[in-house]
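A.B. asks: Sharing a model prediction with you, sequence too.
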Amino acid sequence: MTNSDRERLRATFTEDAELYDRARPGYPPRMFDDLAAAVGLGPGCRVLEIGCGTGQATVPLARLGCPIVAVELGPEMAAVARRHLTGHENVEVLEAVFEDWPLPREPFDVVLAATAFHWIDPAVRVEKAAAALRPGGALATIATHHVAGGTERFFAEVQNCYERFDPKTPPNLRLRAAHEIAEDDEEIIRSGRFGEASFLRYEWELPYTSAEYLDVLRTYSGHRALEPAARRGLLRCICDLIERGYGGVVTKRYLTELRVTRRRK
């Protein structure tokens with residue numbers, strides 16, 4: 001992905017912050033318990049969050065008493081995050097592009113990016129995360145993968161809709177099983193700034209009505225970037241398939257992956 005493509009696609013998230021906040025599935029609660037145990041989250045742990053969005057990961061951290069600086073490039077997303085964080089005086093949500101944001105003098109104990117690290121310029125993200133951390137501080141990234149499971153037949157059949165309305169769709173595309181998705185810390189190891197990462201994985205499923213599923217699709221950058229007529233046709237095709245073939249409800253399986261690594265001293 002080129003830098004211009006990355007900037008264009010990541011900007012789509014702030015076009016409808018309320019929809020994003022309502023439709024996106026969030027993260028398994030036990031993941032935050034595991035993260036807290038791994039990096040020592042609590043009142044004395046200073047956190048920098050990259051790309052906080054509407055605060056789906058920020059709020060659970062704030063409840064632990066962590067002082068948080070959250071950087072979000074979209075003003076609409078930042079406004080929703082601030083609303084959810086009302087009453088948490090130790091959280092500051094800043095509107096800024098992380099790549100351009102000047103780091104404060106005081107280093108952080110944890111840098112967190114929840115479904116956001118891959119949207120940061122690869123030439124910047126690892127080095128700047130390391131620069132933001134104290135020696136021995138933790139970089140925690142959360143990735144969300146769509147994996148095989150749930151209403152499997154639907155996810156095979158729906159590819160016909162994508163192939164019809166999105167010419168970039170590879171033929172016969174199928175979701176991979178969770179075990180087929182490799183753990184990857186090559187980028188952070190190659191930088192020389194971090195040690196080997198540890199990984200925790202969580203598979204979980206969520207049912208969607210046709211309306212709910214279309215809402216979540218409308219939050220995806222690839223869907224938002226389609227030409228309006230193609231997007232309308234795609235969503236109509238998917239809705240018809242869910243209503244006629246699956247009684248109006250499908251279930252989607254997610255793999256949430258937590259990756260934690262420590263800055264070298």
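C.D. replies: Perfect, I can see it now. Residues are numbered from 1 along each chain as shown.
A.B. asks: for this structure, longest helix please?
C.D. replies: Ranked by residue count under DSSP state H, the longest helix found in the chain is helix 228-245.
A.B. asks: Give me the residue at the spatial middle of the chain.
C.D. replies: T115 (1.9 Å; CA atoms, centre = their mean).
A.B. asks: Quick check: phi and psi at that one.
C.D. replies: Dihedral angles of T115 (phi, psi; degrees, to the nearest 10) stand at phi 50, psi 40.
A.B. asks: Could you pull out the helices in the stretch 101-250 of the chain for me?
C.D. replies: With DSSP state H, counting those that start in this stretch as the criterion, the stretch 101-250 of the chain has helices at 125-132, 152-157, 159-165, 186-191, 210-217, 221-224, 228-245.
A.B. asks: Quick one: those helices as TSV, columns for distance to V97 and mean neighbour count too.
C.D. replies: For the C-beta atoms, the positions are set from N, CA and C on the backbone; glycine is no exception. Formatted as TSV, those follow (distance: least, CB to CB, whole Å; neighbours: other CB atoms under 10 Å):
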stretch	distance to V97	mean neighbour count
helix 125-132	11	20
helix 152-157	35	15
helix 159-165	31	16
helix 186-191	20	14
helix 210-217	26	18
helix 221-224	16	16
helix 228-245	27	15
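A.B. asks: Tell me which of those helices sits nearest to Q56.
C.D. replies: helix 210-217 (13.1 Å; CB to CB).
A.B. asks: Remind me what the closest one packs against, helices and strands.
C.D. replies: helix 17-23, helix 228-245, strand 249-262 (3 or more CB pairs under 8 Å, 6 or more residues apart in numbering; DSSP states H and E).
A.B. asks: V260 against V39, yeah?
C.D. replies: Yes: contact criterion CB atoms under 8 Å: V260 and V39 qualify, at 6.5 Å.
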